[in-house]
Structures are given as C-alpha cells and as structure tokens.
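Asks: Structure for the following, please:
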Amino acid sequence: MIEEPTKLVFTWRSHMTEHKDTLVTVTFTVLDNSTNKNSAKDEKPQTLVTLIHERLEGEYRIKAHDHGWTSILEGLNERFGTKD
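Replies: Here you go, the predicted model:
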C-alpha cells in the first residue's frame, strides 16, 4: 500500500523470517519550522522516517532485522540527509 507522500506498507519475506510474510510500515513526516522547534527559519524542512516491522518471531530475528534496518536508514541519511 502506498499513501503518497506519507506512507509505504509492504510485506517482507526472507530466510530470516523462515519464509513467512512479515509487515513493514514506513511513514514520512515533514518536520517544518512549526513542528521542529530547534530549526532556524532559513533551514530546509527535514523528514522524520519511522519504520515499524511487525510479525517477526524470536529475539534473534528481531535483533537481526533491527540491525539491518538501522544500517539501511543510516545509509539513506548519509546519502540524502541534511549536511551540517
């Protein structure tokens, strides 16, 4: 499911989910000057990305996916994030 430009929902299946469907929801929230009290007036708005991965079973699988998603989101931030 896609709700442009704020939400993306999809199933995820791999050997780490024992080939069972899991559900990933990614939301995008624009943080403008009214929602981000620490931003200066001339700064470009930033986007808060929230990722929720549901239906994962077992602590090992949860931690592995947490590590993987964190790595992916950090890479996206390095590539497209605001430069200090």
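
Asks: Please count neighbours and contacts with C-alpha atoms only from this point.
Replies: Fine.

Asks: quick one: the strands in this protein?
Replies: 2-3, 7-12, 22-31, 46-54 (DSSP state E).

Asks: Okay, now the sheet partners of the last one, with direction.
Replies: Using DSSP bridges, strand 46-54 pairs in its sheet with strand 22-31 (antiparallel).

Asks: Switch the strands of the chain over to a markdown table; also include mean pLDDT and mean neighbour count.
Replies: Listed next are the strands of the chain as a markdown table, based on pLDDT from 0 to 100; neighbours: other CA atoms under 10 Å:
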| stretch | mean pLDDT | mean neighbour count |
| --- | --- | --- |
| strand 2-3 | 96 | 10 |
| strand 7-12 | 98 | 15 |
| strand 22-31 | 96 | 15 |
| strand 46-54 | 95 | 14 |
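
Asks: Rebuild those as TSV, extending it with distance to Thr82.
Replies: Shown next, in TSV, are these (distance: least, CA to CA, whole Å):
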stretch	distance to Thr82
strand 2-3	24
strand 7-12	21
strand 22-31	12
strand 46-54	7
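
Asks: quick one: which of those strands is nearest Tyr60?
Replies: strand 46-54 (14.1 Å; CA to CA).

Asks: Would you check that Ile2 makes contact with Val26?
Replies: No: at 9.8 Å, Ile2 does not count as touching Val26 under the criterion of CA atoms under 8 Å.

Asks: what residue lies at the spatial centre of the protein?
Replies: Among the residues of the chain, the one closest to the centroid is Leu51, at 3.4 Å (CA atoms, centre = their mean).

Asks: Give me the spatial nearest neighbour of that residue, chain neighbours excluded.
Replies: The shortest distance from Leu51 to any non-neighbouring residue, by CA to CA, 6 or more residues apart in numbering, is to Val26 (4.5 Å).
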